[in-house]
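Colleague: Need a 3D model of the sequence below.
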Amino acid sequence: MTQVAITVNGSEPKNVYPTFILGSAAAASGDDVIIFFTPGGSPAMKKGAIEKINEQTPALPDLEVMFESLLALGGRLLVCELAFDVHDFTEEDLAEGVEVVGATTFIAAAKNATLTFSF
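Modeller: Numbers count the residues shown, from 1 in each chain. Model prediction:
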């Protein structure tokens, strides 16, 4: 099994869609997927954000389905704890299934990744 690590640096569709397309494809192929949302990408993990991005891009695959599928297949969605210092939200504002970690936790979890992406 391959480990795939993805870093998300923005919360725009151009950052979020490739993340979930590649992440869900890797998870569906049996790979271990870890996605880390930096403070810049963290707003995409707030409750309702995936739905809003999905509405903005009706011609693309259903982002909500990819989000749920990725979690169901064991993918990990990690948000950097520094996001709370940068943005005006709390851990309770995050979508269900999202974990809050420090950068060192992500680095330790992803140290054996054979594929890495950054969006």
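Colleague: The helix or strand where residue 23 lies: how far from the chain's middle?
Modeller: Here residue 23, judged by DSSP states H and E, is contained in helix 13-28. Relative to the centre of its chain, helix 13-28 is centred 8 Å away, using CA atoms, centre = their mean, to the nearest Å.
Colleague: Identify the residues contacting that helix?
Modeller: If you take CB atoms under 8 Å, 6 or more residues apart in numbering as the criterion, helix 13-28 is touched by 2, 4, 6, 8-10, 33, 35, 41, 44, 50, 53, 56-57, 60-61, 63, 66-67, 69-70, 73-75, 115, 117, 119. Just so you know, the C-beta spots here come from the backbone N, C-alpha and C atoms, and that holds for glycine as well.
Colleague: now stretch 97-114
Modeller: 2-5, 34, 36, 45, 71, 76-82, 91, 94, 116.
Colleague: For the helix or strand of the chain with the lowest mean pLDDT, buried residues please.
Modeller: The weakest-scoring helix or strand in the chain, judged by mean pLDDT, DSSP states H and E, is helix 83-86 (a mean of 88). Residues 83, 84 are the ones in helix 83-86 that count as buried (16 or more other CB atoms under 10 Å).
Colleague: swap in stretch 84-104?
Modeller: Buried-residue list, stretch 84-104, by 16+ other CB under 10 Å: 84, 93, 94, 95, 98, 99, 100, 101.
Colleague: can you tell me the distance between the two ends of it?
Modeller: Between the opening and closing residues of stretch 84-104 lies a distance of 17 Å (CA to CA, to the nearest Å).
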